[in-house]
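Asks: pasting the sequence and the predicted model now:
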Protein chains: 2
Amino acid sequence: MENSQAQFYCPGFQFSGMYAGIKKNGLKDLGLIYSQHPATIAGLFTQNIVQAAPVIIDKQKLDIGVAHAVIVNSGNANCCTGDQGLADAHAMCQSVAEALQIDAKHVFAASTGVIGQYLNIQAVKDAMPTLTDQLSENNLHLLAEAIMTTDTIPKTAGKRVHIGDKSFHICATAKGAGMIRPNMATLLNFVCTDIQADQQDLQHCFQASINQSMNIITIDGDTSTNDTALILANGLSGLSLTDPNVRNAFQEALDDLLLGLAKALVKDGEGANKLVEIAVKGASSVSDAQKIADTVAHSNLVKTAIFGEDANWGRILAACGRAGVSFDPLNLAIQFNDVTIFEKGSYCGEQAEKEVSAILKKPEYSIVIDLKKGTYGHSMFTCDFSYDYVRINADYRS
Amino acid sequence: MENSQAQFYCPGFQFSGMYAGIKKNGLKDLGLIYSQHPATIAGLFTQNIVQAAPVIIDKQKLDIGVAHAVIVNSGNANCCTGDQGLADAHAMCQSVAEALQIDAKHVFAASTGVIGQYLNIQAVKDAMPTLTDQLSENNLHLLAEAIMTTDTIPKTAGKRVHIGDKSFHICATAKGAGMIRPNMATLLNFVCTDIQADQQDLQHCFQASINQSMNIITIDGDTSTNDTALILANGLSGLSLTDPNVRNAFQEALDDLLLGLAKALVKDGEGANKLVEIAVKGASSVSDAQKIADTVAHSNLVKTAIFGEDANWGRILAACGRAGVSFDPLNLAIQFNDVTIFEKGSYCGEQAEKEVSAILKKPEYSIVIDLKKGTYGHSMFTCDFSYDYVRINADYRS
């Protein structure tokens, strides 16, 4: 998994991305995935009850279970746009269907950007000849660029896994940066694979992978109206999920790939400088561990202290204390990586603080919270909260 | 209610405040309330399960129900300080008891500041002669200054209410600024009154007032380990809460006074420039209205947009949608003061946006969210999220 412009690909899938005129800043804003063969599709969507037009139409199309293309724009969320928004989302799919001579009900759509403004649908239509001309197996990076909003780096990932004399591929892209919190798929995420799968198996594997990747990251605690994660499987590898060996290998590869992408999203969070794992252990249940990890990962006071490289373990403890979980503060331990700063009700002293201060200067580290009650644990990934988060979000629409 | 240095007072109560050497910056850090007569006391404390030493000892003393003095320091929370912390909290009370020749079990303590560092108890002891010499009915403002941490303005309030030929007084101070979220009394708040009351009635009135004041404000969503709200009633007015007329007048006065102080806390929140009411109406239940108000009031994306004076109603709608409340987004309306920006699933256009932009430049306004489902409502007060919040909290301990 890399986040460079490495040419990740998957046989049978073509990609393109371009500037169509939706964004004000002239950066790429329209992307396309084309599956040359009809592909099984599975998907996960935002849990927000305010849902963008493309989310609404995708959820309907998912019942059919077959995809030929996915059209994505950035710069406009096409959300809270009423009947006009739904018509525009359908028109996006229709344009692709006509250009590629496929059925519009096999074309999925996704949007990301400002909420509440109408999409420039004419720009989408006008872009179609160029967008389809550019389609190539080697253009995943163009799609990755076209779905960026406040992201600063395009994120792609890929894998090829050999099983006997055959192999399967997975390639993927994702965007995040803001309105990110663990609640299904809080972002855009597109995965292409040549595995053979029916929709139910594909959905099951995808959900499991998302649960241990996109659903354990947070940037700012807000969830989007446009979150869409789609996986397309065209079957070209000849390897099927009905084979337990294949399924295990596929799940492992997908888990690894999506966790890598999820971490890349946090690293490129709005204004983020740090990727920090909040690792809770010694809890009486997974649910308790999740509650504490979630509360600490979302605490603005913890996140500003991370930004300030300040070993303010008191704020971590205070956040644990309001998580709705019963524990004995005198029994809990807090570590930064392997250095304990608080234990048995007491601060561990200046030598420990000195070592922790050095860890805090690193771009990536773990905060380990050990409740010493039970054997359950849960990890989340969060970032710091910086001046740049405020700057980016104070004037996002202008 | 004013937040200036107006000389609010209550007969029979004396106050003082001074620099004792706890803070690094030389600002006042030690305050005292002395009730010349034994006063009934009621109190509310943080719901965080990590609790500071003074909170632990106050809760024990509350069973006795009588107070003669309250000693408060800022600059150090005396939290997560183990047995030493408890001994220090008791020593604070003991010093006051000796200086004023009263019983230490009638002396309450409160602390606010950095978590996890031992209190300089010698500085507290050394300060006692000066602190008690300064006691005066007219020194509430010195106490108000002494309890400040990142607050920029001391907050005091007072009222005198006439009933027939008698009158009662209430005077109060509070501090807030950070680690503020509605969950009991998320701050320090001290109220003195000359009403006659038993502890149960006083507790009941105080809880009701706190619920509609300190419990409906938020600054950053974190709750403190040191939250303490105490009310002392010395009975000198000769007016008793057992008289329904007196009780009604007292409740009304206390409600009004504490709501004013609560708003003053939000206005002086860390880095805050705006005081914004999130007013939810048309909900199917109070609980639904509370959930939506709470989610919007805590959304970092809404709060940064308020800072940026950006009419980003899409973020408000998106926050409503993740509050865990069922509603029809097409039926909801969003207003800034009396200007509707979103209604019947649609944006209300550029004229409305222009008017809203003018409202957003004001220091105080309301965001009204009408679910148009039922008849219940709930309001919360929040502030913007600025660069200064990040600056203040990135290096709070240094």
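Replies: Now that the structure is in, tell me what you want to look at.
Asks: give me the contact status of stretch A:336-356 with chain B.
Replies: Yes. Applying C-beta under 8 Å from any C-beta of the partner chain, one finds stretch A:336-356 touching chain B at A:342, A:345-347. From N, CA and C alone the C-beta is placed, and that goes for glycine too.
Asks: narrow the residues you listed to those in strands?
Replies: Among those, the members falling in strands are A:342, A:346-347 (criterion: DSSP state E).
Asks: can you turn the buried part of those residues into a ChimeraX selection?
Replies: Buried subset of these, written as a ChimeraX selection, criterion 16 or more other C-beta atoms under 10 Å in any protein chain shown:
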select /A:342,347
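Asks: could you find the lowest-pLDDT member of the ones in strands among the residues of stretch A:336-356 next to chain B?
Replies: Within these, A:Ser346 has the lowest pLDDT, namely 82.
Asks: enumerate every residue touching that residue.
Replies: A:Ser346 makes contact with B:80, B:82 under the criterion C-beta atoms under 8 Å, 6 or more residues apart in numbering or on different chains.
Asks: bridging residues for it?
Replies: Under the criterion DSSP bridges, A:Ser346 forms beta bridges with A:Glu343.
Asks: just the residues of stretch A:336-356 next to chain B now: which is nearest chain B?
Replies: Distance to chain B across these (C-beta to the nearest C-beta) is lowest for A:Gly345, with 4.4 Å.
Asks: how many residues are close by that closest one?
Replies: 16 (other C-beta atoms under 10 Å in any protein chain shown).
Asks: list just the nearest of the residues of stretch A:336-356 next to chain B to B:Asp255.
Replies: Each of these was checked against B:Asp255 using C-beta to C-beta; the closest is A:Gly345, at 39.3 Å.
Asks: helix or strand: which one has the residue lying closest to the closest one once chain neighbours are set aside?
Replies: In space, and not counting its chain neighbours, A:Gly345 is closest to A:Leu330: 3.8 Å by C-beta to C-beta, 6 or more residues apart in numbering or on different chains. Per DSSP states H and E: A:Leu330 is located in neither a helix nor a strand.
Asks: now the phi/psi pair for A:Leu330, please.
Replies: Main-chain torsions, A:Leu330, degrees, to the nearest 10: phi -80, psi -10.
Asks: ok, now how distant is it from A:Pro244?
Replies: 48 Å (C-beta to C-beta, to the nearest Å).
Asks: which one's more surrounded, the two?
Replies: For A:Leu330 versus A:Pro244, the count of surrounding residues by other C-beta under 10 Å is larger for A:Leu330: 13 against 8.
Asks: contact partners for that one?
Replies: A:344-345, B:82.
Asks: okay, the residues you listed in TSV with distance to A:Ala305 next?
Replies: Shown next, in TSV, are these (distance: C-beta to C-beta, whole Å):
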residue	distance to A:Ala305
A:Lys344	23
A:Gly345	21
B:Gly82	22
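Asks: so what's A:Thr152 closest to, chain neighbours aside?
Replies: That would be A:Asp268: by C-beta to C-beta, 6+ apart, it lies 5.7 Å from A:Thr152.
Asks: so what's the one you found scoring on pLDDT?
Replies: If you check A:Asp268, the pLDDT there is 80.
Asks: swap in the one 3 residues further on?
Replies: A:Gly271 is assigned 80 on the pLDDT scale.
Asks: contacts for stretch A:158-170, please.
Replies: Identification of contacts with stretch A:158-170 by C-beta under 8 Å, 6+ apart yields A:1, A:6, A:8-11, A:140, A:171-172, A:191-195, A:237-239, A:245-246, A:249-250, A:253-254, A:256-257.
Asks: which ones among these lie within helices?
Replies: Residues of the contacts of stretch A:158-170 located in helices (DSSP state H): A:140, A:245-246, A:249-250, A:253-254, A:256-257.
Asks: please indicate which of the residues you listed are buried?
Replies: By 16+ other C-beta under 10 Å, the ones in helices among the contacts of stretch A:158-170 give A:140, A:246, A:249-250, A:253-254, A:256-257 as buried.
Asks: A:Lys354: neighbour count?
Replies: 11.
Asks: helix, strand or coil for it?
Replies: Assigned with DSSP: H, G, I helix; E, B strand; the rest coil, A:Lys354 falls in the helix class.
Asks: not counting its neighbours along the chain, what's nearest A:Ala311?
Replies: Counting by C-beta to C-beta, 6+ apart, the residue nearest A:Ala311 is A:Val356, at 4.4 Å.
Asks: relative to chain B, how far out is that neighbour?
Replies: 12 Å (C-beta to the nearest C-beta, to the nearest Å).
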